[in-house]
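>>> Just the structure for this:
(2 chains)
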Amino acid sequence: MLLDRSRTGRSGRRDRDDPIVNRWALLAVPPIAFLVAFFLIPLIVVSLRSVTDFPRPAGDALANYGRFFDSAANVRVLGNTFWVAALSTVVCLALGYPYAYLMNIVRPRLAGLLLIAVLLPFWSSLLVRTYAWQVILRDTGIINTFLLDMRLIDEPIPLIRTTLGVMLGMSQILLPFMVLPIYAVMRRIDPEYTRAAANLGAPPFAAFRRVFLPLSLPGVLAGSLLVFVLALGFYITPALLGSPKDTMISQFIASAVQQRLDWGIGSTMAVILMGLTLTVLFVASRFIRLRDVFGSFEES
Amino acid sequence: MTTAGRPIDGSSERLDRPALVLRGLEKSFGDVPAVDGVDLEVRQGEFITLLGPSGSGKTTTLRMIAGFTRQSAGTIEIDGADMSQVPPYRRDVGMIFQNYALFPHMTAAENIAFPLEMRRASRSEIRRRVAEALALVKLEGFGGRYPRQLSGGQQQRIAFARAVVFHPRLLLMDEPLGALDKKLREALQLEVMHISRQLGATVIYVTHDQEEALVMSDRIAIFNRGRIEQLGRGEDLYDRPVSLFVADFIGDSNILRGWFERDGDGGWLVRDASRWRVGAAATARAALDGDRAAALVVRPERLRIVDPGDAGAAAAGANTVEASVRDVLYLGSIRKYELTLPDEQTATVRQQVGGNERVWQPGARVRLTWAVDDEVLVSDPGGRPSRPGDVPTAPLA
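Below is the predicted model of the structure:
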């Protein structure tokens, strides 16, 4: 009797708990509506404008794309965009991997401080930080003034308006996106593996190269992908710290839309950049699980 | 510096040398001593188990032998060489970790090849020895699998193969069977023991499972509070425990606590109105002076239940105590009685099931009897602070 009653009781509750649509799912409606209205629809509009908006009558829908690839300058800027993004990824990796490794081996309290240090750039405006770099790097900036006063150099060394300047500005902003995924993966590596390697005769560097490094590679791939994809869309930093040589595609898009009011070619460039970015993600997804890159590090 | 080619059996000179010597080994974490003065000498080819409750210092001792933890004091000598300051990768000891620590990004064969590669063995030798090691653990054909594609028992075997493939001077095992279910554990106990013997390996095995320790070991070191409380063969520990802790930890024990008084070669254990004879042999072994808190230990299979009315049932000179039957547990080949003694202490008796024995029912008033030769006297540090009668009787544990 008792058993029966408890069974009906439980199934009764289950009936209420498992409607066809979980009612908590309703909470997702506002964000979905927001994304559709302010992200999906504009995206569709932009894509459409790339094949419908022409400055002068043109016969074929892909005329804007033809126009884009006809210009050597456009193709060069597109290539440069990928080059700068790749370079920032390498710089971030070179700085971020040792940093994450350090965070992983120090005491938790110190690791927390290191985490705050790497997150600090997040808490100040990108524009302010980029102008700050200008103050530091320009010919009359802190570094050059100091070196001149010390009579170490006779004339200012070019720091601003160089690829070096762009790299400094971009890697500072992008570093957390490299450090955090690597650190998350490193933390999951059981320290017993390194001990086992030592026990089996591996000196510290061999243990690192043969065991720890391969196990941390998913974090390296995730961080690199994240940094690379984010770097592709950079706009303000290369504009303020770079030379015309360092121009990136986003700057071209901005000038097309804002100065020339040429929405057609602007949209075309946006679609091309998005297409290439998705291609990168698609190729990367052959090697890593994108789920690991964009959040949910704690599971699995 | 390759040691990979060292013969397993070794020279006779090597056999004379102890495989491992620990002297005054200590380790404290902050102010807390985890290992508090451990001395141990292990012969070549011996299977030694460090047995004790969690936190008794056995795993810390093992990790100091492996070199993962630096000792606070004392020395570690492996195969005649002082290893106290040598980093783990030059100690040449194999270890099987509790969770196996198989490298997840390498196949089983790559895992086993790893220590050989670190010793710069040639490619053909690596191939040959990996195949041998896989055959040893009966996992030929599994070399290409990744650890996650293997069952717990198979992972355990690969970990074993990886730890022995380079013929280490010592084989350390940290509760290697703890994660497996009972049946598999029992099968692997025998297998680990047989393969270790076959290889002539010297094994230091850590466990908190006393049955496992009794099955596998040549000698057992009982750890308690960072020290070795007793070191000996399983039989020694079972039949002649040196302390209440060992008696309680190894096997089931009936413990009668009281006050020990010397009388000639032997003595008496006194509690309230009861007194039990302590034989000369037990008294000599315990090396106890008279007039102190002590306990008698009697194993459950050495106790006999007799009818309290039958005066002749207990042999002359045997000790007896009144009891009442609380539970009777039928376990197939034996029957286990749980009894209550007059002062709320309990006793356990094991009776062989034969068909002719007398079966007692719960509630029966009975008498327990045992031969003086079957009891062990140990000191009872937690016992009464003084002679009974001087202070009101404190409740016994």
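>>> going forward, measure contacts and count neighbours with C-alpha atoms only.
Fine.
>>> give me every residue that touches the residue of the stretch 101-250 of chain A at minimum distance from chain B.
Per Cα to the nearest Cα, A:G201 is where the stretch 101-250 of chain A lies closest to chain B, at 4.1 Å. For A:G201, the contact set (Cα atoms under 8 Å, 6 or more residues apart in numbering or on different chains) comprises B:88-92, B:115, B:118-119.
>>> separation between it and B:P176?
20 Å (Cα to Cα, to the nearest Å).
>>> got a list of contacts for stretch B:366-375?
By Cα under 8 Å, 6+ apart, stretch B:366-375 touches B:277-279, B:281-282, B:296-299, B:302-308, B:314-315, B:317-325.
>>> One more: stretch A:63-72?
The contact list for stretch A:63-72 (Cα under 8 Å, 6+ apart) reads A:50-51, A:54, A:74-75, A:264-265, A:268-269.
>>> would CSV of those with secondary structure and neighbour count be doable?
Output for the contacts of stretch A:63-72, formatted as CSV (DSSP: H, G, I helix; E, B strand; the rest coil; neighbours: other Cα atoms under 10 Å in any protein chain shown):
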residue, secondary structure, neighbour count
A:S50, helix, 25
A:V51, helix, 18
A:F54, coil, 17
A:N74, helix, 17
A:V75, helix, 14
A:G264, helix, 24
A:I265, helix, 26
A:T268, helix, 26
A:M269, helix, 24
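>>> What pLDDT does the model give residue 297?
Since you didn't name a chain, this refers to chain A. If you check A:F297, the pLDDT there is 44.
>>> Correction: the question concerned chain B.
For B:V297, pLDDT reads 90.
>>> partners of it in the sheet?
B:V297 has these beta-bridge partners by DSSP bridges: B:I255, B:V376.
>>> Please name the residues that touch it.
So B:V297 contacts B:247, B:253-256, B:375-378 (Cα under 8 Å, 6+ apart).
>>> which of these has the most neighbours?
Among these, the one with the most neighbours (other Cα atoms under 10 Å in any protein chain shown) is B:L377, at 30 neighbours.
>>> Buried ones among the contacts of stretch B:366-375?
Buried members of those, counted by 16 or more other Cα atoms under 10 Å in any protein chain shown: B:277-279, B:281-282, B:296-299, B:302-308, B:314, B:319-325.
>>> Now, these that are in strands?
Within the buried ones among the contacts of stretch B:366-375, residues falling in strands by DSSP state E are B:277-278, B:296-298, B:304-306, B:319-325.
>>> Number of residues surrounding the residue nearest to B:D79 when sequence neighbours are not counted?
Excluding the flanking residues, the one nearest B:D79 by Cα to Cα, 6 or more residues apart in numbering or on different chains is B:A19, at 4.6 Å. Residues near B:A19, counting by other Cα under 10 Å, number 23.
>>> Next: the one 3 residues further on.
A count of neighbours around B:L22, defined by other Cα under 10 Å, yields 21.
>>> isn't A:M248 right next to A:T81, touching?
Yes: A:M248 sits in contact with A:T81 when judged by Cα atoms under 8 Å, with a separation of 4.8 Å.
>>> for whatever helix or strand A:A270 lives in, packing partners?
A:A270 is part of helix A:263-285, with elements assigned from DSSP states H and E. Contacts defined by 3 or more Cα pairs under 8 Å, 6 or more residues apart in numbering or on different chains; DSSP states H and E place helix A:263-285 against helix A:41-52, helix A:63-70, helix A:213-232, helix A:249-258.
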